[in-house]
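1. Next input, structure requested:
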Amino acid sequence: MTGFASTSGAEESFLACSTCPPMVVIPAGSSVMGDDSSNFANEKPARPVVISRAFALGRTEVTFDQWQACVGDGGCKGGQDDHGWGRGQRPAINMTWDEARAFARWVARKAGLSCRLPTEAEWEYAARAGTTSGFWWGDKAGGSNANCRDCVAGDPHPYGTKPVGSYKPNPWGLFDMSGNVWEWTADCWSPTHAAPPPNEENCPEKVVKGGSWYYFSAMSRASARAKNDARAHSYNIGVRVLCELP
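-> Below is the predicted model:
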């Protein structure tokens with residue numbers, strides 16, 4: 001485990017191993033999950049979220065380079081299609097939910113920590129970064145904040161992913177929590193927030209968060225959510241890893 005290091009901002013960085021995703025320490029605190037003013041019923045009702053302990057979350061979506069390190073070490077399945085957009089620092093895509101979890105287990109082995117996919121509540125808490133608006137920067141998508149269908153001002157919609165970190169980070173130092181690719185979470189899909197999601201590891205549909213390059217900005221808000229078959233992969237879905245801190 002490489003350990004903690006101060007950064008130029010208020011956040012602390014965390015590096016599990018030389019080839020693992022750089023992480024940011026997310027502070028304990030409280031927030032809300034969902035949005036009662038949303039046009040989408042699946043974001044309602046908004047409910048309080050309390051994070052009692054700090055955790056570490058990937059500063060960016062897992063890249064193809066990071067995924068390939070896991071493949072080379074025998075921890076992950078390879079062969080993910082990049083759809084011709086390039087690999088390297090672009091987000092790894094086209095992995096199933098189980099394959100995403102395998103990457104998290106590999107990071108755990110390298111770090112000597114308990115690492116996994118974030119829950120929906122943890123993901124949204126980190127995406128909000130202490131804010132209450134639709135996006136961390138406000139309620140309007142703007143023209144230079146994210147990679148989504150209507151997020152790029154004055155230019156044709158960029159078909160496909162962009163290298164991670166192409167836009168400004170949120171106040172807690174996390175990049176691309178809005179747009180670029182959806183991200184797998186640990187949770188089973190539930191149609192609303194009226195009750196906690198079912199705690200069934202083998203449920204067929206999982207929650208994805210964050211929106212993607214293909215979708216309009218409404219789906220890149222912190223509260224937006226969608227479902228995907230856990231057995232399926234997509235050029236719209238990637239992964240971000242959470243590690244619990246000692």
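
2. Mind listing residues that contact the top helix by length along the chain?
-> Counting by DSSP state H, the longest helix found in the chain is helix 97-111. By Cβ atoms under 8 Å, 6 or more residues apart in numbering, the surrounding residues in contact with helix 97-111 are 1, 16-17, 19-21, 62, 67, 70, 73, 75-77, 95, 114-117, 184, 206, 228, 230-231, 233, 239, 241-243. Quick note: C-beta positions are derived from backbone N, CA and C, even for glycine.

3. Give me the distance between stretch 159-169 and the centre of its chain.
-> 13 Å (Cα atoms, centre = their mean, to the nearest Å).

4. which residues touch it?
-> Residues contacting stretch 159-169 (Cβ under 8 Å, 6+ apart): 59-61, 63, 83, 85, 88-91, 93, 137, 144-147, 175-176, 179-181, 213.

5. In contact with Ala141: list those residues for me.
-> Applying Cβ under 8 Å, 6+ apart, the residues near Ala141 are Phe135, Cys148, Asp150, Cys151, Ser217, Ser220.

6. Greatest separation within these: which pair is it?
-> The span of the contacts of Ala141, defined through Cβ to Cβ, is set by Phe135 and Asp150 at 12.8 Å.

7. okay, these two: which has more neighbours?
-> Shown here are Phe135 and Asp150; by other Cβ atoms under 10 Å, Phe135 has more neighbours (23 against 14).

8. Now a ChimeraX select for only the buried ones of the contacts of helix 97-111.
-> A single ChimeraX command selects the buried members of the contacts of helix 97-111 (16 or more other Cβ atoms under 10 Å):
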select :16,17,19,20,21,62,67,70,75,76,95,115,116,117,184,206,228,230,233,239,241,242,243
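
9. What about the contacts of helix 97-111, which are in helices?
-> Trp67, Cys70.
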